[in-house]
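[1] got a predicted structure plus its sequence, pasted below:
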Amino acid sequence: MTQLVDDTSVRTSVDVSVPPSRAFHLFTAEIGAWWDADKHILQAPLAEMEFEPFVGGQIIDRGTDGSECRWARVLAYDPPHRVVFSWDINVQWQIETNPERCSEVEITFDALTDGLTRVQLTHRNLDRHGPGWETMRDAVGSGWSLDGFAAYADSDRADQLPTISDETMQARLSQTKPYTVMLLHATDKCVRPDVDAIIWEHGRRNMALVEAGELLIVLPLSDDTGLAGVGVFAGDTDRVTAILEGDPGIQAGIFRYELHPARGFPGAALS
């Protein structure tokens, strides 16, 4: 429910059944999936939205005709706790180009319990819009709702997975490609901090392999099992063996590796 905080601010909140980090991601990166498609000032129907994830970024609406509307500037970006953006829309519901005549929208994400987050939105400084600002306050006061976001976030829970048909499975399986999975083990020679300089160069080489498209996923591990990392390579085991024999950590004997042929889906990535 949206509430009047004071004459120049309105506030609404909702509790969602995901942790703050996930709620923050859904609110920003996936804004186009839950935003009310009727709430925009484009001439054409809304096709997609983009929330640029950095201070100085913008929120961009794109129409079905290719038009764009950049109606907000990201003023604070602090995942997973808080995000603030400007409301660059004037009382005539057109783009406001003077930053001093724009209000601000702040969204906070507070953990209530494990897996439950309170998302609170405050639209403030509405008087900055100048004469007639009260009409803007009344409009956003009745228009701001997080119900759509809450429904989208709740549907994101792991126990509500989408249904995958046999046809979808067959289509996906036909796209699999061969990869090589590497398990990197630390040896008795891997004594920190004595080997830190070697590990630094090992990491530098991994970054170069990623940039070259050879190493698709690299995951250093932080438990005490002796397994130092996992990598997924694009090449076959012969090619990956040749690559790893040039690794400074392997050459120094602080790491050893094992390789496993595997199959996977192109485009799989960390997010």
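    Ah, there it is.
[2] the closest residue to Trp34 other than its chain neighbours and Gly246: what is the separation?
    Leaving aside its chain neighbours, Trp34 sits nearest to Tyr152 (3.7 Å; criterion: Cβ to Cβ, 6 or more residues apart in numbering). The way it works is simple: take the backbone N, C-alpha and C, and place the C-beta from them, glycine included. Computed as Cβ to Cβ, to the nearest Å, the Tyr152 to Gly246 distance reads 47 Å.
[3] the two: which is more packed in?
    Neighbours were counted for Tyr152 and for Gly246 using other Cβ atoms under 10 Å; Tyr152 has more, 18 against 10.
[4] list the contacts for the more buried one?
    When the contact criterion is Cβ atoms under 8 Å, 6 or more residues apart in numbering, the partners of Tyr152 are Leu26, Glu30, Ala33, Trp34.
[5] buried stuff in the helix or strand it falls within?
    Element membership for Tyr152, per DSSP states H and E: helix 147-155. Buried residues in helix 147-155, counted by 16 or more other Cβ atoms under 10 Å: Phe149, Ala150, Tyr152, Ala153.
[6] want to throw the contacts of Tyr152 into TSV with neighbour count, secondary structure and distance to Glu104?
    Converted to TSV, the contacts of Tyr152 look like this (neighbours: other Cβ atoms under 10 Å; DSSP: H, G, I helix; E, B strand; the rest coil; distance: Cβ to Cβ, whole Å):
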residue	neighbour count	secondary structure	distance to Glu104
Leu26	20	helix	21
Glu30	16	coil	22
Ala33	14	helix	24
Trp34	19	helix	21
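[7] closest one of those to Leu216?
    Glu30 (24.1 Å; Cβ to Cβ).
[8] local confidence estimate at the closest one?
    On pLDDT, Glu30 comes in at 93.
[9] now Gln170
    pLDDT, Gln170: 88.
[10] and what of Gly226?
    pLDDT for Gly226: 84.
[11] which phi and psi values does it adopt?
    phi 100, psi -10 (degrees, to the nearest 10).
[12] tell me how far it lies from Ile254.
    According to Cβ to Cβ, Gly226 and Ile254 sit 12 Å apart.
[13] what's the overlap in contacts for those two?
    Residues touching both Gly226 and Ile254 (Cβ under 8 Å, 6+ apart): Ala186.
[14] SS state for Cys190?
    The three-state label given to Cys190 by DSSP: H, G, I helix; E, B strand; the rest coil is coil.
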